[in-house]
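# Have a look; sequence and predicted model below, questions after that.
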Amino acid sequence: MATVYGIEYTVKNSKGEVVDSNKGQAPLEFIAGKGQIIPGLEKALENMNEGEEKTITVPAVEAYGEYNEEMIQEVPRDQFEGIDLQKGMTLYGQTPDGQTIAVTVKDFDDEKVVVDYNHPLAGEDLTFDVKVATKREATADEALTGVVGGAAAGEHCGSGNCGCGH
């Protein structure tokens with residue numbers, strides 16, 4: 001049977017900067033084995049019990065992957081018509097199969113825009129201060145749909161970092 005975890009966490013990048021946290025908010029709930037959180041964190045949580053706290057370092061390869069220079073592309077400027085471009089800004093788009101993707105604007109001029117398709121945390125070893133707030137067996141609905149709390153038939157979870165993409 002699948003396990004549902006509810007976790008409280010703070011995550012820091014390799015420079016020690018906090019990049020995300022849900023402390024003081026509702027726990028992040030996910031179903032183990034469904035690819036809903038980064039693999040290295042999920043693997044480390046497998047042996048933790050409810051109420052347990054731990055600091056976990058997840059290497060880049062088990063987080064958002066290594067940084068890939070081939071994921072940087074030049075795109076014609078006219079594809080960004082009406083957007084006030086700024087270096088470092090994140091833009092969202094859709095792949096041909098409907099998945100949401102984020103790109104970072106690296107540079108631009110009148111002719112082209114250089115975008116980076118790497119996840120902003122690619123190449124980063126991440127450190128999580130994590131607490132297992134809840135741990136329980138998944139219901140049959142949750143195990144089938146991959147959605148915590150049981151969803152109506154036909155609904156499914158998106159591939160967002162921290163929960164459902166609906």
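Here it is on my side, so go on.

# where do the helices sit along this structure?
Using DSSP state H, the helices found in the chain span residues 39-45, 140-145.

# buried ones in the longest strand along the chain?
Counting by DSSP state E, the longest strand found in the chain is strand 126-137. Buried residues in strand 126-137, counted by 16 or more other CB atoms under 10 Å: Leu126, Thr127, Phe128, Asp129, Val130, Lys131, Val132, Ala133, Lys135. The C-beta positions use only the backbone N, C-alpha and C, and glycine is treated the same way.

# list the contacts for the third one?
Taking CB atoms under 8 Å, 6 or more residues apart in numbering as the definition of contact, the neighbours of Phe128 are Tyr9, Thr10, Val11, Lys12, Leu41, Ala44, Thr55, Ile56, Thr57, Val58.

# before we move on, what about the first one?
If a contact means CB under 8 Å, 6+ apart, then Leu126 has Val11, Lys12, Asn13, Ser14, Val19, Ile38, Gly40, Leu41, Thr57, Val58, Ala60, Ala63 as its contacts.

# I'd like to know how many residues surround the fourth one.
Residue crowding around Ser14 was assessed by other CB atoms under 10 Å; the count is 13.

# between the helices of the chain, which one is nearest to Asp97?
helix 140-145 (20.3 Å; CB to CB).

# Using CSV, write out every CA atom in that closest one.
Coordinates of each C-alpha in helix 140-145 appear next as CSV, following Å, rounded to 0.1, in the frame of the first residue of the first chain:
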residue,chain,number,x,y,z
ALA,A,140,-7.5,3.2,-2.3
ASP,A,141,-8.6,6.4,-4.2
GLU,A,142,-5.4,8.2,-3.3
ALA,A,143,-3.3,5.2,-4.4
LEU,A,144,-5.2,5.0,-7.7
THR,A,145,-5.4,8.7,-8.6
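
# What average pLDDT does that helix get?
Helix 140-145 carries an average pLDDT of 90.

# Summarise which helices and strands it is packed against.
Of the remaining helices and strands, none touches helix 140-145 by 3 or more CB pairs under 8 Å, 6 or more residues apart in numbering; DSSP states H and E.

# quick one, strands of this structure?
3-12, 18-21, 28-31, 53-58, 72-76, 90-94, 100-108, 112-116, 126-137.

# does the closest residue to Ile83 other than its chain neighbours have beta-bridge partners, and which?
Excluding its sequence neighbours, the residue lying closest to Ile83 (CB to CB, 6 or more residues apart in numbering) is Leu91, at 7.1 Å. For Leu91, the beta-bridge partners under DSSP bridges are Val103.
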